[in-house]
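> please work out how this folds:
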Amino acid sequence: MTTISESSRVASAHSNRVQYYAENLVRRQARCRYLGLADAIGGEPLVRLEGYGDGLTTVSVRESQLAWGHLCGVLGFRLAQFLQTGLMDPELVYRRELVHEPLVPATGPETIHTVTLTESGQIVGYIALVASPDPEPLALEDPARRPFPAEVAHQVELLSRYAAPGRTSHNAYEVKRFVRDHSLARGMQRDRVPWHLILAIGKVGLQTPEIELVLGDSSERGALRHLRLVGFELDVVEGTKPALPRSELMWPSYELPAHRLAKPFVGAVPSDLADYMEAIESGLVELDAEASQREAVARLVELHRSRGTLERLAMAV
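Prediction:
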């Protein structure tokens, strides 16, 4: 007969194994370098940002443009980062012996990956644009439309309010996994990674006309704040009770205090997005990191003032 003390020792030993596995995975991922990633893309990237004097290169590509090893590296970065934040279940990672997030083949248009790397090939930033799971495009109000992940987690329907002639589920993309390397030392590169990512996906939106809507879920201090700052007028659904089954890696991300919970949102790509992207890029070309941030923010604020949206932005952020 197993005693309580024996059960406790077994549980403690298991917990230690889980913790060691997760910590070892994070350490190994932190040592990985992908020097050839930006130059080994199949075909032309959707966007490539470099030459800003900060030692960072950012590329946006469709999933099929990444070699298998590089794709696994990107998914490994995602896994390590979200393990560190506590938003991913280490027990499931250990039990499934994962070294990167599982690759889920797209049933609709391809996922667009945006990756920021240092000169040494270290991945330091990432954001994804995930397309509809509909194999064929459907009208946004079509009851047969398959929901996006954010709609599933929050049990809401976000897109029908944006229905328009010729607009389909393949014109919407979900913003996911917006993250900067948590181990990155304070300094210019750390400050600039989010700007690189936002500028890159903004340029993807400008150069990819099929992207008309973005949706997702975020806390007020995450993607919501960044998207509003670059001109998106977002419809945010308040008061949802998001949850994922315990079989999903990211279920802990919805077990947070109410003030930290992500809120579902949706919005159209603004017609003047190019102006906001120009403001960010003008800041990045400044060699002084602090000055570049001030310049970019000042220009973004001025754009909002000229469009009469400054008060609404201030209330939102």
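> host element of Trp174?
That one is not Trp; residue 174 is Glu. strand 172-180 (DSSP states H and E).
> now do the contacts for Gly43.
Gln65 (Cβ atoms under 8 Å, 6 or more residues apart in numbering). Quick note: C-beta positions are derived from backbone N, CA and C, even for glycine.
> what packs against the following helix or strand past the strand holding Glu174?
Counting by DSSP H and E, the next helix or strand C-terminal to strand 172-180 is helix 188-207. In this structure, helix 188-207 makes packing contacts with strand 47-49, strand 57-62, strand 112-117, strand 123-131, strand 172-180, helix 273-284, helix 289-306, judged by 3 or more Cβ pairs under 8 Å, 6 or more residues apart in numbering; DSSP states H and E.
> ok so, going back, within its sheet, name the partner strands of the strand holding Glu174 and how each one runs.
strand 123-131 (antiparallel), strand 213-218 (parallel) (DSSP bridges).
> the ones you listed: which one's closest to Gln189?
Gln189 sits nearest to strand 123-131 of all these, at 6.7 Å, using Cβ to Cβ.
> tell me the angle that closest one makes with helix 188-207.
20 degrees (axes from the mean of the first three to the mean of the last three Cα atoms, to 10 degrees).
> quick check: mean pLDDT across strand 123-131?
The average pLDDT within strand 123-131 is 97.
> now the angle between strand 57-62 and it, please.
Using the same axes, to 10 degrees, the inter-axis angle of strand 123-131 relative to strand 57-62 is 20 degrees.
> what is the neighbour count of Leu206?
14 (other Cβ atoms under 10 Å).
> per-residue confidence for it?
94.
> just Gly86 next, same as before
92.
> got it, and Ser5?
Confidence score, pLDDT, at Ser5: 73.
> how near is it to Pro257?
As for Ser5, its distance to Pro257 is 34 Å (criterion: Cβ to Cβ, to the nearest Å).
> repeat for Leu213
In terms of Cβ to Cβ, Leu213 sits 30 Å off from Pro257.
> the two: which is more packed in?
Using other Cβ under 10 Å as the criterion, Leu213 and Pro257 rank with Leu213 on top: 19 against 6.
> ok, the closest residue in space to that one that isn't next to it in sequence to Leu158 distance?
Nearest non-adjacent residue to Leu213, counting by Cβ to Cβ, 6 or more residues apart in numbering: Ala172, 4.2 Å away. To Leu158, Ala172 is 9 Å away according to Cβ to Cβ.
> who touches both of those two?
Phe148, Leu215, Val266.
> give me the neighbour count for the last one.
Number of residues near Val266 (other Cβ under 10 Å) recorded here: 24.
> same check, this time on Ser15
Close neighbours of Ser15, defined as other Cβ under 10 Å, add up to 13.
> circling back: save the strands paired with strand 172-180 as CSV, and put in distance to Asp275 too.
Output for the strands paired with strand 172-180, formatted as CSV (distance: least, Cβ to Cβ, whole Å):
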stretch, distance to Asp275
strand 123-131, 21
strand 213-218, 18
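> out of those strands, nearest to Phe82?
Across the strands paired with strand 172-180, closest to Phe82 is strand 123-131 (Cβ to Cβ), at 10.4 Å.
> next, the angle from that closest one to strand 112-117.
170 degrees.
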